[in-house]
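Peer 1: sharing a sequence plus its predicted fold:
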Amino acid sequence: MRFGPAGYPPGSKSPKDAMDTIVSLGLDALEVEFVRGVRVSEESARANGRLAAERDIRLSCHAPYFISFNSDKQETRDKSVQYVVDTARAAHWLGAYIIVIHAASYGKSPQTATDSVVDGLLRAREVLDSEGIRDVTLGIETMGKHGQWGTLEEIAEVMDQVELTAPVLDVAHTHARYGGSLKTVDDCEALLDRFLPLAGDIAHFHISCIKYGDKGEISHLPLEAADPDMSVFAEAVKDCGRDCTFICESPLQERDAVVFKRMFADRG
C-alpha cells in the first residue's frame, strides 16, 4: 500500500524539493495535478519521472476539471477529449500509471451521460492507441454530487465498452453522495466488495473527510473531522490483499496522508 498527497506539498520550490519532502514524510506516492490545464514539456515530464523513480514514488495524474463529455456544446466535448489525451500523454512521459477524470454531469438523463462518456473516452483511447500509449489507465472518479455522473455502476458500464479504464474510488465522495453511508466497517467492506473487482492491478483511492448536504458533496475536510471516520475505512481495507494507492485530497494533503498511513499501523 502506498500513500501520498494530491499535488506538491505547499512551499515546494521545485519538483525535486516536493519529492524530497514526500520521502522525508515517509510517503511514497504523488498525484500530479493538471486540474487547471496540462502545461508540461516532454523533456520536463521525463526528468520529473526520473526523479520520482529514483525515490520510489508512485505517480498518478489528475486531468483538468474542465472535462465535460456530456456538454450540450460539441466544442466542449471535443476539448474534453483533448484534455484526456494531453493528460495521458504527460502521464506516459512521467511514468504515471493512471490519470483521474471527472467525466460529466447528467444533463438530460443518466443514460445519455453514460453514452457520452463512452463516446468521449473511445475517441481519446483511439488517439492514445495511435501514439502507442497503452501504459496509462483512464481512471474515472466516483463523484459526490447528485447531479454528477459517476457511480461505480455507471463506471462499470463504461468499462465494458472502453479498454484500459478503471474506477477511482473517492471515499469521501461516495460517503457524501449517499448521505453519510460509510459509518461502520461493514459499510466500508460492502463498498470495497463492489469496487475492488473493478479496480485492476492497482486500486486507486482518493481519501479525505467531507462536508455534505441534501445534494451531496459540499467541500473536502481534514481527516480530524472524522466524517467519514477514515480509521474505520483503514480497518476495512487493511487486509484486502491488494496493491493500493491512497491519494489524500484533504486541505492538509501531505500531513493527512501521513495520518492515514499511521492508521494502518495503529490498527495492527
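Peer 2: Cool, the structure landed. These numbers come from a predicted model, not from an experiment.

Peer 1: now for the helix or strand hosting residue 23, which elements pack on it?
Peer 2: When secondary structure is defined by DSSP states H and E, residue 23 falls within helix 15-24. Applying 3 or more Cβ pairs under 8 Å, 6 or more residues apart in numbering; DSSP states H and E, one finds that helix 15-24 contacts strand 29-33, helix 42-54. For the C-beta atoms, the positions are set from N, CA and C on the backbone; glycine is no exception.

Peer 1: can I get those in TSV with distance to residue 151?
Peer 2: Below are the helices and strands packed on helix 15-24 laid out as TSV (distance: least, Cβ to Cβ, whole Å):
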stretch	distance to residue 151
strand 29-33	22
helix 42-54	32
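
Peer 1: so which of the ones you listed is nearest residue 9?
Peer 2: Closest of the helices and strands packed on helix 15-24 to residue 9 is strand 29-33, at 9.4 Å (criterion: Cβ to Cβ).

Peer 1: which residues does that closest one contact?
Peer 2: Outside strand 29-33, the residues that touch it by Cβ atoms under 8 Å, 6 or more residues apart in numbering are 2-8, 18-19, 22, 48, 52, 57-62, 90-91, 94, 96, 100, 245-247.

Peer 1: 7 Å instead, please
Peer 2: Under the contact criterion Cβ atoms under 7 Å, 6 or more residues apart in numbering, strand 29-33 has outside partners 2-7, 19, 22, 52, 57-62, 94, 96, 245, 247.

Peer 1: which parts of this structure are helices?
Peer 2: 15-24, 42-54, 74-94, 110-130, 152-159, 171-177, 185-195, 230-237, 253-266 (DSSP state H).

Peer 1: can you say which of these is packed in most?
Peer 2: helix 171-177 (a mean of 26; mean count of other Cβ atoms under 10 Å).

Peer 1: how far does that one sit from the chain's center?
Peer 2: Counting by Cα atoms, centre = their mean, to the nearest Å, helix 171-177 is centred 13 Å from the centre of its parent chain.

Peer 1: other residues contacting it?
Peer 2: Counting by Cβ under 7 Å, 6+ apart, 142-144, 146, 181-182, 191, 205-210, 212, 216-217, 220, 228, 233 sit against helix 171-177.

Peer 1: for residue 262, give me its contacts.
Peer 2: Taking Cβ under 7 Å, 6+ apart as the test, residue 262 contacts no residue whatsoever.

Peer 1: what score does it have for pLDDT?
Peer 2: Residue 262 is assigned 96 on the pLDDT scale.

Peer 1: and residue 267, by the same measure?
Peer 2: Residue 267 is given a pLDDT of 59.

Peer 1: what of residue 246?
Peer 2: Model confidence at residue 246, given as pLDDT, is 98.

Peer 1: what sits against it?
Peer 2: Residue 246 touches 1, 3, 205, 207, 260, counting by Cβ under 7 Å, 6+ apart.

Peer 1: find the nearest non-adjacent residue to the second one, please.
Peer 2: To tie it back to what came earlier, the one meant is residue 3. residue 261 (4.3 Å; Cβ to Cβ, 6 or more residues apart in numbering).

Peer 1: thank you, goodbye.
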